[in-house]
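J.: Fold the stuff below for me.
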Amino acid sequence: MNRDGNVELQPGRPAIALATAMIVAVSLLGTAGCEMDHLGDPAVVGRWEHTPVKLPILKRIDLIDEPDVEVPNLTKVMPEDLIAEATDYVMGPGDVVILSVFELLRPGAEMAVQRQIDDLGMFRHPVLGDIRISGMTARESEKYVQDLVARKGMVRDAEVNALVVQGQQNTYSVIGPPNRFGPRSGTYLIRGPDFRLLDATALAGGVSGLVKNIYVMRKARTDPKGDAADADAPATPDPTSSEILLKALDESPEPAKSPGSESPGDAAHPALESSLDGGMGSGWAEIDGKWVKVPAPAATGDGGDEDDMLATTMGGGDLPEVVQRVIEIPYHLLRQGDLRYNVVIRPGDIIRVPDQEAGSVFIFGAIGRPGTYGLPGTERLTLKQLVAAAGGFGPVAIPDRVDLVRRIGDDHEATVRLNLRQIFHGNEPDIFLKTDDLINVGTNLPATPWLIVRRGFRMTYGFGFLLDRNFGFDVFGSQNRNN
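T.: Okay, here's the model as predicted:
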């Protein structure tokens, strides 16, 4: 107060009031800062909620991705797949066989001939001629040769012995990606009737730990005419041939019934899952856990090679019909010790190890470290993980404006806009990235000016002041020198 009785404002008091207000504001922010997402920074994203949330990770985007190619005749592991069957060896092309006939040329002498069965299934004997023994067991071939010698009037009830020296039929194949860390593709010998999937993959060099599922393909190829190449060959059909399966199908009730009206015996065997009627009008499919007959799309005739391939697949054309099963094996569970999936490997099985589609993804725009990043495999890297690996969003990023460019086929691409703010907040599901995906993190017009404004009010990590008293005593306002 001055001499006139009026209140005099001190020049330093507004600064002190402003500093006090800022300290109080910072204190309040410090107490509530744990629950605040950001102070006007749109690039800060996250959920930070007490309530947990669980969302799926999308494997495909319906708007742009092509439909997944379904594995034909895919089935799960069945109880009979775990049962080892000790059966007689069935000879085939490539096998080396010793065939001996006692007293064929002269009394008391045995004639033994070693030959390799040719591609036509013939054993070329110098005396008896070409003998078709492919598809027979050793006992069946002995009986057949015995009857053949008797029919030729050479020896009655001849003593015949057949010995397989080198067998080529008890084999399985492994196909997989050509890399040094996966299985070695090739054909391997089945070592005994109880030879199982873990034995087969170990013999082929093992399977990468990134592989979740592998597939075992089983097929039986039949002759549409049902005639043997050699008229003298006995009628001993293979128990796994489609003739037996067709007979079982004809004798069984029609599987396509209304839901709930089928008995366990009415369902077709899973091996009958492909079209067995030889036409284009129907096929087999598993619906609600039951095998039923469903109509199949017919070829239009104007599709060229694609129609021919479809006709061949569905049983048409001149090629023999293929009856097959594709068994899906959750190999990640089997590798952990779940032996319920350690199926028995049968002769002719094909083990397919899927490729992990390792490649690169690309990210640019308002991102911390734009560039190219490696994709470790299928369904391994998500969009949120890529943003984290690239250093997070840039200072002018707008997570609501993110473009994903994905390759479609060989010569097309599709672009879809994503809202990464909602994905990080847990309101929308994350997405698995695929090879050659391109991510563009966008911004908008007000982002840069707003960044300048935010940085203009930037504060240091501490608070302090410098006081220089060399220029007077009125630093904190005028003082009364009379006191």
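
J.: Residue 59: neighbour count?
T.: Residue 59 has 12 neighbouring residues, counting by other CB atoms under 10 Å. C-beta: built from backbone N, CA, C; applies to glycine.

J.: Please parse this protein into its domains.
T.: Using automatic domain parsing, the domain ranges for the chain come out as 79-87+170-222+324-355, 96-166, 359-444.

J.: Contact partners for the closest residue to residue 176 other than its chain neighbours?
T.: Nearest residue to residue 176, sequence neighbours excluded (CB to CB, 6 or more residues apart in numbering): residue 353, at 3.5 Å. The contact partners of residue 353, by CB atoms under 8 Å, 6 or more residues apart in numbering, come to 174, 175, 176, 177, 182, 183, 207, 211, 214.

J.: Inside strands: which ones of those?
T.: 174, 175, 214 (DSSP state E).

J.: are any of those residues buried, and which?
T.: Applying 16 or more other CB atoms under 10 Å to the ones in strands among the contacts of residue 353, the neighbour count classes 174, 214 as buried.

J.: Make a markdown table from the ones in strands among the contacts of residue 353 and add distance to residue 357 to it.
T.: Below are the ones in strands among the contacts of residue 353 laid out as a markdown table (distance: CB to CB, whole Å):
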| residue | distance to residue 357 |
| --- | --- |
| 174 | 19 |
| 175 | 16 |
| 214 | 15 |
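
J.: Go through the ones in strands among the contacts of residue 353 and name the one nearest residue 63.
T.: Each of these was scored against residue 63 by CB to CB, and residue 214 proved nearest at 30.9 Å.

J.: hang on, that closest one packs against residue 331?
T.: Yes - the criterion here is CB atoms under 8 Å, and residue 214 meets it with residue 331 at 4.7 Å.

J.: shared neighbours, these two?
T.: Listed as contacting both residue 214 and residue 331 by CB under 8 Å, 6+ apart are residue 207.

J.: re the thing from before, quick one, which of the domains of the chain gets closest to residue 64.
T.: Closest among the domains of the chain, using CB to CB: domain 359-444, at 3.6 Å.

J.: how close does the residue nearest to residue 176 get to residue 378?
T.: The gap separating residue 353 from residue 378 is 12 Å, by CB to CB, to the nearest Å.

J.: same check, this time on residue 143
T.: 53 Å.

J.: What of residue 203?
T.: For residue 203 relative to residue 378 (CB to CB), the value is 25 Å.

J.: again, but for residue 363
T.: For residue 363, the distance to residue 378 - CB to CB - is 19 Å.

J.: tell me which element residue 93 falls in.
T.: Assessed by DSSP states H and E, residue 93 sits outside every helix and strand.

J.: Retrieve the pLDDT associated with it.
T.: Per-residue confidence (pLDDT) for residue 93: 91.

J.: go on, the one 3 residues further on?
T.: Residue 96 is assigned a predicted lDDT (pLDDT) of 93.

J.: And for it, nearest residue in space, chain neighbours not counted?
T.: Counting by CB to CB, 6+ apart, the residue nearest residue 96 is residue 166, at 4.0 Å.

J.: again, but for residue 152
T.: residue 128 (7.3 Å).

J.: swap in residue 219?
T.: residue 324 (3.8 Å).

J.: Can you name the helix or strand that the one you found falls in?
T.: strand 322-330.

J.: same thing with residue 62?
T.: Per DSSP H and E: nothing holds residue 62, as it lies in no helix or strand.

J.: Neighbours of it, how many?
T.: Around residue 62 there are 7 residues (other CB under 10 Å).

J.: Roughly how far does residue 70 sit from residue 428?
T.: Applying CB to CB to residue 70 and residue 428 gives a distance of 27 Å.

J.: what's the answer for residue 106, then?
T.: 89 Å.

J.: Could you do residue 375 as well?
T.: For residue 375, the distance to residue 428 equals 22 Å [CB to CB].
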